[in-house]
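> Just the structure for this:
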Amino acid sequence: MEHLAPRKIFEALNIKNGTWSQAGLDFESIIWIGEPQTTKKEWDGKKSELETDHEKKSYRWKRQYPLIGDQLDEIYHKGLDEWKKTIKAVKDAHPKL
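Numbers count the residues shown, from 1 in each chain. Below is the predicted model:
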């Protein structure tokens, strides 16, 4: 999985811009301006929550159905049952979590 952008975690934790600076991609690399606005435990919990949510939704981007014109052509030439098999194969390859 690609690395979750720290900005997304800050937004989810309602931490305003200007209270931190980012030197890297992990909690330890955050440079706080003033008092820290969150703890590592809160950060890790929110990061895990966002990654889980992203993973649950990622099937949407992985499913690549044939173009609609190709689907209609398949229905016309091979019938509805063959088209259903084509669509089911894509769904089976990338199921909802």
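
> Pull out the buried positions in the longest helix along the chain.
Assignment by DSSP state H gives helix 40-57 as the longest helix of the chain. Within helix 40-57, the residues that qualify as buried by neighbour count (16 or more other C-beta atoms under 10 Å) are 43, 46-47, 50-51. The way it works is simple: take the backbone N, C-alpha and C, and place the C-beta from them, glycine included.

> Tell me, domain by domain, which residues of the protein belong where.
As assigned by automatic domain parsing, the chain contains the domains 6-57, 62-93.

> Kindly reformat these as CSV containing mean pLDDT.
Listed next are the domains of the chain as CSV, based on pLDDT from 0 to 100:
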stretch, mean pLDDT
domain 6-57, 85
domain 62-93, 95
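
> Point out the most buried one among those domains.
Highest mean neighbour count of these: domain 6-57, a mean of 13 (counted as mean count of other C-beta atoms under 10 Å).

> What is the end-to-end distance of that domain?
Using C-alpha to C-alpha, to the nearest Å, the end-to-end distance of domain 6-57 comes to 19 Å.

> From here on, call the first residue 10.
Okay, residue one is now 10; in that scheme the one you just asked about reads as domain 15-66.

> quick one, what contacts residue 68?
By C-beta atoms under 8 Å, 6 or more residues apart in numbering, the contact set of residue 68 is 103-106.

> quick one: furthest residue from the center of this protein?
residue 86 (36.8 Å; C-alpha atoms, centre = their mean).

> Identify, from the buried residues of helix 49-66, the entry nearest to residue 36.
Nearest to residue 36 among the buried residues of helix 49-66 is residue 52, at 4.7 Å by C-beta to C-beta.

> Quick one: residues contacting the closest one.
Contacts of residue 52 (C-beta under 8 Å, 6+ apart): 18, 22, 36.

> With respect to residue 69, which of the residues you listed is nearest?
residue 18 (21.7 Å).

> quick one: what helix or strand has the closest one in it?
Assigned by DSSP states H and E, residue 18 belongs to helix 15-21.
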